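Colleague: My questions concern the predicted model and sequence given below.
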Amino acid sequence: MFKLTLKALACALSLGIAGLVQAADPIVIKFSHVVAEHTPKGQGALLFKKLAEERLPGRVKVEVYSNSSLFGDGKEMEALLLGDVQIIAPSLAKFEQYTKKLQVFDLPFLFNDIAAVDRFQQSADGQALLKSMEDKNITGLGYWHNGMKQLSANKALHEPKDARGLKFRVQASAVLEAQFKAVRANPRKMSFAEVYQGLQTGVVNGAENPWSNIYSQKLYEVQKYITESNNGVLDYMLITNTTFWNGLPADVRSELEKIIVEVTAKVNQLADELNEGDKQRIIAAKTSEIIQLTPEQRGMWVDAMKPVWKEFEGQIGADLIKSAEAANQQ
Ligand code: LMR
């Protein structure tokens, strides 16, 4: 009897010690993304790591994987759902499998500028979108800006007819496919990691990207012309696995949420600076001619691409499109 009790005590002690050791292990958060470090998202991921490890010492460890080094476009969402990575920040164009509502961000010429995008994201409708995929186990933690997209090609693009017949790389978005079809070009879905080579080898002739991505992926080296079209937005939703997030100790979760608010503000302030700086660096590199559209030419692109709104109205919702459009006026 005594022997048994001693054994039980030893067992309980060893379990207790194991428990203590376990409790002392930091929670590992893998943050994977597809862009370079010197970009708004790249900088945001690093700042998140720094603040999380400073403010939750020993409790949280953040591993950042940039440039598709852990998971590329096609795989990162799946990896998040499988628990192989805990935070990602895909472009808003990459969610159509999970919700059609976020397609609103891809509609061509919907937002006048990033300030309007920001107002919509902060509105009640924008905030509700962060929660729109919880039934799929995806929780939105915030929006991170990159910037407005510019069209590029190996042919000068002044008017929509200049794009006719050209092959354009697009993100995995039906709206973006429709946008290029609207100017009788050929869209081709391709993961981000393949864009440089795709342009270099002529698999595609053109693309659309914010200045930051054009610069950090060196796309300007393989595109003779860049049209400052501001034809749409490329922003991100910072997302996590809902089960993982809700399972975090409450104090850790609330500290991480505070950190995310702080990092988001910093990323969104940095995004403008980085895009403007990268635009200047591209101009200085003199490998691409930068084309400015006249108001008439811009009007032609708007007229050619805007029918896409109607095409997707049924999926996105007319009210949501109106609400996004209204953000231009405020
Ligand atoms: C793209 O595929 O062009 C972008 O979504 C990449 C990124 O994350 O900025």
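Modeller: Received, thanks. Owing to the predicted nature of the structure, the values given are computational and were not obtained by experimental measurement. Numbering: from 1, shown residues only.
Colleague: CA only for contacts and neighbour counts going forward, please
Modeller: Noted.
Colleague: who's in contact with residue 143?
Modeller: Residues in contact with residue 143 (C-alpha atoms under 8 Å, 6 or more residues apart in numbering) are 121, 235, 236, 237, 238, 264.
Colleague: Repeat the analysis, applying 10 Å as the threshold.
Modeller: Counting by C-alpha atoms under 10 Å, 6 or more residues apart in numbering, residue 143 touches 89, 91-92, 118, 121-122, 126-127, 130, 235-239, 261, 264-265, 267-268.
Colleague: cool, residue 128 as well?
Modeller: Neighbours of residue 128 in contact, by C-alpha under 10 Å, 6+ apart: 121, 122, 140.
Colleague: Report the buried members of those residues.
Modeller: Among the contacts of residue 128, those classed as buried by 16 or more other C-alpha atoms under 10 Å are 121, 140.
Colleague: Which pLDDT value goes with the closest residue to the ligand within the stretch 151-300 of the chain?
Modeller: Per C-alpha to the nearest ligand atom, the residue of the stretch 151-300 of the chain with the smallest distance to the ligand is residue 192, at 4.2 Å. With respect to pLDDT, residue 192 has a value of 97.
Colleague: Got phi/psi on residue 208?
Modeller: phi -140, psi 130 (degrees, to the nearest 10).
Colleague: quick one: secondary structure of residue 275?
Modeller: Secondary structure state of residue 275, per DSSP: H, G, I helix; E, B strand; the rest coil, is helix.
Colleague: Check the spacing between it and residue 281 real quick.
Modeller: 10 Å (C-alpha to C-alpha, to the nearest Å).
Colleague: neighbour count winner among the two?
Modeller: residue 275 (22 against 13; other C-alpha atoms under 10 Å).
Colleague: The more buried one touches residue 234, doesn't it?
Modeller: No: Residue 275 is beyond contact range of residue 234, at 11.7 Å (criterion: C-alpha atoms under 10 Å).
Colleague: Now the common contact residues for the two.
Modeller: Counting by C-alpha under 10 Å, 6+ apart, the residues touching both residue 275 and residue 234 are 146, 147, 148, 210, 213.
Colleague: so which pair among those residues is furthest apart in space?
Modeller: 148 and 213 (10.8 Å; C-alpha to C-alpha).
Colleague: quick one: common contacting residues for these two?
Modeller: With C-alpha under 10 Å, 6+ apart, residue 148 and residue 213 have common neighbours 234, 275.
Colleague: Average pLDDT for the lengthiest strand in the chain, rounded please.
Modeller: For the chain, the longest strand by residue count, based on DSSP state E, is strand 138-148. The average pLDDT within strand 138-148 is 98.
Colleague: picking that back up, may I see the shared contacts of residue 275 and residue 234 arranged in CSV, with distance to residue 324 as well?
Modeller: Listed next are the shared contacts of residue 275 and residue 234 as CSV, based on distance: C-alpha to C-alpha, whole Å:
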residue, distance to residue 324
146, 18
147, 16
148, 15
210, 20
213, 25
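Colleague: that's a strand at residue 290, yeah?
Modeller: Yes: counting by three-state DSSP, residue 290 falls inside a strand.
Colleague: wait, what's in contact with the closest residue to it other than its chain neighbours?
Modeller: Nearest residue to residue 290, sequence neighbours excluded (C-alpha to C-alpha, 6 or more residues apart in numbering): residue 226, at 5.0 Å. By C-alpha under 10 Å, 6+ apart, residue 226 lies in contact with 150-158, 206-209, 211, 214, 220, 282, 288-292.
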